[in-house]
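Asker: What follows is a predicted protein model with its sequence.
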Amino acid sequence: MTFMTVDSRTVSQAGEDAMVAAICQIIDPHNAEHAGLLLGPGDDAAVLSCTSGQPVLTTDTLSADQDYRRTWWEGRPMEEWPRDLGTKAAAQNLSDLNAMGATPIALLVSLTLPPEFTVQWVQDFYAGVVRACSQPGAMGCAVAGGDLGSGADMSVTITAVGEPHQPGRLLRRSGARPGDILGVCGRLGYAAAGLALLEQAVASADRGAGLEVQGAAAGLLAECLEAQKRPQPPLTAGAAALRAGATAGMDLSDGLLRDAGRLARASEVKITLDEAALNAEARSLEPVAQHCEGAPYSAASDWVVSGGEDFGLLATFPSPAELPEGFRIIGHVAETAPGESAGAVLPGWTGAPGWDSMRG
């Protein structure tokens, strides 16, 4: 998306009313295609058509130096930073709805901005949100409104609203059964590999070090960087999993082993991850690990098993079952033995299980 003119006013110079008008220039054309948005930005609240009577809600916050670093975009076109942040903030919420087997219908965006940010930055941010809502599986999602505020640091919180793909049916964490197989849709470890590349560049005197690569590895490195900066979750996977008879599911945001453990505990079962399958996943990322100076020998495996922000879909299916397109088998479900706690295990794994937002 391009704009006829660049609005270089700061948000403090423009004021709230002008900012709302500038945002509407970006989101109104997108919202015009969504009949489910009965009343959008401009009133005290939005009004949505929710024909199922079962609204599905989720919310997530994106914060500086917790979820991204400004330096990741140094040397890049100035519009990439806000657009990528808008896309990532929306994508992590859309992924949650997908994991429930829900269709996204609207986002509410609460944006806190330092006063020196420009109007153009905000418009580019919302262009990124619209980009996320234009992906397959999210094209019925409007940007229904939100809130604007001023603060020392940029922070964005998005609330996403959805409806069940199939009335009365949702994909929950608590339905896995002994004998099920564990499948995943979406890439494993790519976002963590992208983070390693970005942090290597930040640590270097040359902020672009390691990111300009030629040859066979260039495409792979670019995919990893994109997975971290502007993820594209497989937003049609939740509906596909439900149609295939999935018994449980959740999105992958904090690392495969940690999230599989959450699903297992909710279902009161034991999940064993397939070492051979995950080794095959890790082999695809070995060229990236070789590119990261000082990366441990196990880096590719670490990214696959415990790297966060993949935003893929983890789901269990009855066995035997034909998995939907894009899913692959990475484990199986069993009863817990007497005295054994529910959870997920990967035989021989001694590394970290994944990301904990309270502990780091």
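Answerer: Arrived safely.
Asker: which SS class is G294?
Answerer: Following DSSP: H, G, I helix; E, B strand; the rest coil, the label given to G294 is coil.
Asker: can you tell me how far it sits from P115?
Answerer: 39 Å (Cβ to Cβ, to the nearest Å). In short, each C-beta sits where N, CA and C put it, glycine included.
Asker: And for R243?
Answerer: For R243 relative to P115 (Cβ to Cβ), the value is 49 Å.
Asker: quick one: contacts for C185?
Answerer: Contacts for C185 (Cβ atoms under 8 Å, 6 or more residues apart in numbering) come out as 234, 237, 240-241, 312-313, 315, 324, 326-328.
Asker: oh, I was asking about T350
Answerer: By Cβ under 8 Å, 6+ apart, T350 has no neighbours at all.
Asker: Over to T112?
Answerer: 149-151, 153-156 are the contacts of T112 under Cβ under 8 Å, 6+ apart.
Asker: before we move on, what about A217?
Answerer: Counting by Cβ under 8 Å, 6+ apart, A217 touches 287-288, 291.
Asker: Okay, buried residues for the helix or strand in which A89 is found please.
Answerer: Taking DSSP states H and E as the definition, A89 sits inside helix 80-99. By 16 or more other Cβ atoms under 10 Å, the buried positions in helix 80-99 come out as 81-99.
Asker: Could you list the low-confidence segments of this structure?
Answerer: 1-4, 203-216, 356-360 (pLDDT under 70).
Asker: And the most centrally placed residue in it, how close does it get to S253?
Answerer: Nearest to the mean C-alpha position of the chain, by Cα atoms, centre = their mean, lies Q92 at 3.3 Å. Per Cβ to Cβ, Q92 is found 7 Å from S253.
Asker: Common neighbours of those two, please.
Answerer: With Cβ under 8 Å, 6+ apart as the test, Q92 and S253 both reach 309, 311.
Asker: For W121, see how far away the residue nearest to T236 when sequence neighbours are not counted is.
Answerer: Of all residues not flanking T236 in the chain, G137 sits nearest, at 4.2 Å (Cβ to Cβ, 6 or more residues apart in numbering). Applying Cβ to Cβ, the value for G137 to W121 is 28 Å.
Asker: Tell me which helix or strand the residue nearest to T236 sits in.
Answerer: With DSSP H and E as the test, G137 turns up in no helix or strand.
Asker: Surely it touches L235?
Answerer: Yes: the criterion here is Cβ atoms under 8 Å, and G137 meets it with L235 at 2.7 Å.
Asker: ok so, going back, who has more neighbours, G294 and P115?
Answerer: Per other Cβ atoms under 10 Å, whichever of G294 and P115 has more neighbours is P115, with 11 against 7.
Asker: Which phi and psi values does the closest residue to D259 other than its chain neighbours adopt?
Answerer: Leaving aside its sequence neighbours, D259 sits nearest to L252 (Cβ to Cβ, 6+ apart; 5.3 Å). As for L252, its main-chain torsions (degrees, to the nearest 10) stand at phi -100, psi 100.
Asker: Likewise for V6?
Answerer: Per degrees, to the nearest 10, the backbone of V6 is at phi -100, psi 120.
Asker: if we can go back for a sec, write the PyMOL selection for whichever of the contacts of C185 are buried.
Answerer: Burial among these is assessed by 16+ other Cβ under 10 Å; the matching PyMOL selection reads:
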select buried, resi 234+237+240+241+312+313+315+324+326+327
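Asker: Now do stretch 249-266: distance to the chain's middle.
Answerer: 14 Å (Cα atoms, centre = their mean, to the nearest Å).
Asker: send the alpha carbons of that stretch over as PDB?
Answerer: Only the C-alpha atoms of stretch 249-266 are listed here, as PDB (Å, rounded to 0.1, in the frame of the first residue of the first chain):
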ATOM      1  CA  GLY A 249      -5.500 -27.900  19.500                       C
ATOM      2  CA  MET A 250      -3.600 -24.800  20.500                       C
ATOM      3  CA  ASP A 251      -1.300 -22.300  18.800                       C
ATOM      4  CA  LEU A 252       2.500 -22.500  19.100                       C
ATOM      5  CA  SER A 253       3.700 -19.200  20.600                       C
ATOM      6  CA  ASP A 254       6.000 -20.200  23.500                       C
ATOM      7  CA  GLY A 255       7.900 -23.200  22.100                       C
ATOM      8  CA  LEU A 256       6.800 -26.700  21.000                       C
ATOM      9  CA  LEU A 257       7.700 -28.600  24.100                       C
ATOM     10  CA  ARG A 258       6.200 -26.100  26.500                       C
ATOM     11  CA  ASP A 259       3.000 -25.700  24.500                       C
ATOM     12  CA  ALA A 260       2.600 -29.500  23.900                       C
ATOM     13  CA  GLY A 261       2.900 -29.900  27.700                       C
ATOM     14  CA  ARG A 262       0.100 -27.400  28.200                       C
ATOM     15  CA  LEU A 263      -2.100 -29.300  25.800                       C
ATOM     16  CA  ALA A 264      -1.200 -32.600  27.500                       C
ATOM     17  CA  ARG A 265      -2.000 -31.300  31.000                       C
ATOM     18  CA  ALA A 266      -5.300 -29.800  29.900                       C
END
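Asker: Pretty sure I158 sits in a helix.
Answerer: No: using three-state DSSP, the secondary structure at I158 is strand, not a helix.
Asker: Relative to Y190, how far out is the nearest residue to it once chain neighbours are set aside?
Answerer: Among residues not flanking I158 along the chain, N93 sits closest, at 4.9 Å (Cβ to Cβ, 6+ apart). Counting by Cβ to Cβ, the gap between N93 and Y190 amounts to 20 Å.
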